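K.L.:
what's the 3D shape of this:
(2 chains)
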Amino acid sequence: MKKYSNILNIFLIVFCFLYFYLAKQLPHKVAVYPFLITAILGVLTLVHIIQTFMKKEEGKGEGIFENFQGKQFLFVITSCFAYVFVVNVLGFFTATFIYLMITLVGLRVNKYIALITTIGFCIGVYFIFCSFLKVPLPKGFII
Amino acid sequence: MNDVVYGVIKALSITNLFAAFASVALGIIIGALPGLTAAMGVALLIPITFGMSPSTGLITLAGVYCGAIFGGSISAILINTPGTPAAAATVIEGYQLTLKGKAGKALGTAVIASFIGGILSSIPLYLFSPPLAKLALKFGPAEYFWLSIFGLTIIAGVSSKSIIKGLISGALGLMLSTIGMDPMLGVPRFTFGSPYLISGLPITATLIGLFSMSQVLILAEEKIVSGRKFVDFEDKVMLSKDEIKKIMPTCLRSTVIGSIIGILPGAGATIASFIGYNEAKRFSKNKDEFGKGAIEGVAGAEAANNAVTGGSLIPTLTLGIPGESVTAVLLGGLIIQGLQPGPDLFTVHGKITYTFFAGFIVVNIFMLILGLFGSKIFARISLVPDNVLIPLIFSLCTVGSYAINNQLADVWIMFAFGIFGYFVRKLDLNPAAIILALILGPIGETGLRRALILSHGSIGILFSSVISKVLILLSIFSLFSPFLMERMQRSGD
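P.N.:
This is a model prediction of the structure:
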């Protein structure tokens, strides 16, 4: 899929320049090694660009995003982001309970199975992390 | 010798036995679930092992590793879908046996062959690791620089599809490894003024993001498969004496193949299983049975892929060069425990290392027991649909990345690397190569800069010793090894 190789090429060029720009702001002695890596990535990117240019287009399908479930993906990534965002505010167990219930039901899991899974998971995490390993979990104003 | 005996006794303690049992069971479940990989499982478990003693933690990681490699065969045999890429060759004969109503035999063969492969691969682990680690004592800064270059050239081998993309992944990993304090001058680099980044990227959070959260996103983009079906079976899992006799030569041959491939940089369990399968077919007296359900075929693939586990631990523990992606993640677990690969593991930390080795044997014994008596249960667990797994895995990612430093910043780093890892996978770059470079980058940088300081800037120091020259040759060999592996796999296919 040439299109995605080109996207990768653009990303690599931007990344190289950004890294080089940031490295330039470092003291000279500290910047030598980052410059060396930039040169390595630059050469590899150039080779990849030539490879992409030489490659023949294979098929015109949607390629790596074939069968991509856009709505489902967006729902999952948004709920994950919201979960991380509130976990330190609500506390681990409250945030996890809400996150799991919403995501499981949103992904069409039966409500009762979702509830049992959520409660079972929270109990499991409590015993493994809090009771057995004594690892502190994010605390908020609830639990 | 004392450490070896101590290791055996310690590995048989209640705590370690329980850790081995539970981690093998968990590993089998992870392996049996199509879409979840051994690397993902080990990455998720690292934070949990942080709270354990180093030897128990390492045994737990080994349990998940070995269990997952075997677990992949359960779904391969029963639902015609390899649970892990390493079980791809098992599908060929395993599912044919299932269709004939001999699923029990196929599972029995898989577990016995996996056990033989796994347990015999501990012999080279015991024999070759200490002398190889002793060699590392002779390493100076220049040798460490070349060692890291050797490790980085393995990236080319770890990359399954494109060498250039593997090397690009490595270069990206090297760039990420420069985040944090300069190792020689103590100047912050690329930290954007954030105190969280002064000590560099947190390895565990980065690992979890790249391997586990990215997997969540991969599962989330696909249509949910909720009704996987497997063929129920009534026949016995245990093999008869004659059947064990029949598969034994294949198991032993595949064990040798798997152990060697495990030690070789860049190759992995998938390649080993295909070669093991091919050799089983080549040496078999019943070639006609192949393709129609031959237990020797299952044994050839499974003994080989499980023998890789012991073999690939040798370069990981002695030189800090992981042979494949799972051991790259496992290396992260080792570092988290404050253990550096090399001679110290066999001298200063000898007790921990030999407990881990003995634990590795225990893990394989539990794998046999659980496989023989619990395959039916594990097969049912493998039917858990992706819509249940997605939120559960992400929640574990969150708690895992938080647990090491008790900082929410680590969770955000995990999240960012999860998204980065998703695109890395989609664009055929290699997350294992990024992690490898992230771990080896500082070793190489420090080695290079120290060597140049010692020689007052002359690069001749980098080529002066015999060890350096050998490492340069190995790096060149490693760079070209993917072509060799490709040819071997083709002959296996």
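K.L.:
mind listing what residue B:390 touches?
P.N.:
With contact taken as Cβ atoms under 8 Å, 6 or more residues apart in numbering or on different chains, residue B:390 is in contact with A:76, A:103, A:107, B:216, B:219, B:220. Where you see a C-beta, it was placed from the backbone N, CA and C, and this is true even at glycine.
K.L.:
which of the residues you listed are buried?
P.N.:
Listed as buried from the contacts of residue B:390 are A:76, A:103, A:107, B:216, B:219, B:220; burial here means 16 or more other Cβ atoms under 10 Å in any protein chain shown.
K.L.:
ok but the first one is inside a strand, no?
P.N.:
Spelled out, that is residue A:76. No: Residue A:76: not assigned to a strand; according to DSSP: H, G, I helix; E, B strand; the rest coil it is helix.
K.L.:
List the contacts of it.
P.N.:
By Cβ under 8 Å, 6+ apart, the neighbours of residue A:76 are A:103, A:107, B:216, B:217, B:220, B:390, B:391, B:394.
K.L.:
Okay, and which of the residues you listed map to helices?
P.N.:
A:103, B:216, B:217, B:220, B:390, B:391, B:394 (DSSP state H).
K.L.:
which one is residue A:118 nearest to, not counting chain neighbours?
P.N.:
The shortest distance from residue A:118 to any non-neighbouring residue, by Cβ to Cβ, 6 or more residues apart in numbering or on different chains, is to residue A:100 (4.1 Å).
K.L.:
packing partners for the helix ranked longest in chain A?
P.N.:
When secondary structure is assigned using DSSP H, the longest helix within chain A turns out to be helix A:28-54. Packing partners of helix A:28-54 (3 or more Cβ pairs under 8 Å, 6 or more residues apart in numbering or on different chains; DSSP states H and E): helix A:2-24, helix B:163-177, helix B:431-454.
K.L.:
distance between it and the chain's centre?
P.N.:
25 Å (Cα atoms, centre = their mean, to the nearest Å).
K.L.:
average model confidence for it?
P.N.:
For helix A:28-54, the mean pLDDT works out to 91.
K.L.:
next one: stretch B:16-26
P.N.:
94.
K.L.:
got it, and stretch B:136-147?
P.N.:
Across stretch B:136-147, the average pLDDT comes to 86.
K.L.:
contacts for that stretch?
P.N.:
Contacts for stretch B:136-147 (Cβ under 8 Å, 6+ apart): B:318-321, B:342-343, B:443-444, B:446-448, B:450-451, B:454, B:461-462, B:464-465, B:467-468, B:471-472, B:475.
K.L.:
which residues of the stretch 351-493 of chain B score low on pLDDT?
P.N.:
Scanning the stretch 351-493 of chain B for pLDDT under 70 picks out the ranges B:482, B:485-486, B:488-493.
K.L.:
Compute the first-to-last residue distance for stretch B:452-464.
P.N.:
Using Cα to Cα, to the nearest Å, the span of stretch B:452-464 from its first residue to its last is 13 Å.
K.L.:
And the contacts of stretch A:100-118?
P.N.:
With Cβ under 8 Å, 6+ apart, stretch A:100-118 has contacts from A:72, A:75-76, A:79, A:96-97, A:121-122, B:224, B:226, B:385, B:387-388, B:390-392, B:395.
K.L.:
Name the residues of that stretch that are buried.
P.N.:
The neighbour-count check on stretch A:100-118 (16+ other Cβ under 10 Å) flags A:100-107, A:109, A:114-115, A:117-118 as buried.
K.L.:
quick one: average pLDDT of it?
P.N.:
Stretch A:100-118 shows a mean pLDDT of 94.
K.L.:
got it, and stretch B:58-72?
P.N.:
Across stretch B:58-72, pLDDT averages out at 90.
K.L.:
Distance from the chain centre to it, please.
P.N.:
9 Å.
K.L.:
Now for residue 79, how many residues are close by?
P.N.:
Chain wasn't specified; assuming chain A. As a burial measure, residue A:79 scores 20 neighbours (other Cβ atoms under 10 Å in any protein chain shown).
K.L.:
Switch to chain B, please.
P.N.:
21.
K.L.:
picking up where we left off before, so can I have CSV of the buried ones among the contacts of residue B:390 showing distance to residue B:334?
P.N.:
Output for these, formatted as CSV (distance: Cβ to Cβ, whole Å):
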residue, distance to residue B:334
A:76, 32
A:103, 34
A:107, 36
B:216, 25
B:219, 28
B:220, 31
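K.L.:
Just give me the closest of those residues to residue B:104.
P.N.:
Nearest to residue B:104 among those: residue B:219, at 30.2 Å, using Cβ to Cβ.
K.L.:
That closest one against residue B:386, yeah?
P.N.:
Yes: counting by Cβ atoms under 8 Å, residue B:219 does reach residue B:386; the two are 4.9 Å apart.
K.L.:
Show me the domain layout of chain A.
P.N.:
A:2-65, A:70-132 (automatic domain parsing).
K.L.:
what about the stretch 151-300 of chain B, any weak spots by pLDDT?
P.N.:
Scanning the stretch 151-300 of chain B for pLDDT under 70 picks out the ranges B:155-161, B:226-232, B:265-267.
K.L.:
That one: helices as residue ranges?
P.N.:
B:163-177, B:203-207, B:214-221, B:241-263, B:269-283, B:295-319 (DSSP state H, counting those that start in this stretch).
K.L.:
Tell me which of these is the most buried.
P.N.:
Compared across the helices of the stretch 151-300 of chain B, helix B:295-319 shows the largest average neighbour count, a mean of 31 (mean count of other Cβ atoms under 10 Å in any protein chain shown).
K.L.:
For that one, which helices and strands make contact with it?
P.N.:
Using 3+ Cβ pairs under 8 Å, 6+ apart as the test, helix B:295-319 ends up in contact with helix B:54-78, helix B:88-99, helix B:103-120, helix B:122-135, helix B:241-263, helix B:269-283, helix B:325-336, helix B:350-381.
K.L.:
Columns distance to chain A on top of the ones you listed, output as a markdown table?
P.N.:
Shown next, in a markdown table, are those (distance: least, Cβ to the nearest Cβ, whole Å):
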| stretch | distance to chain A |
| --- | --- |
| helix B:54-78 | 11 |
| helix B:88-99 | 20 |
| helix B:103-120 | 26 |
| helix B:122-135 | 27 |
| helix B:241-263 | 27 |
| helix B:269-283 | 21 |
| helix B:325-336 | 13 |
| helix B:350-381 | 13 |
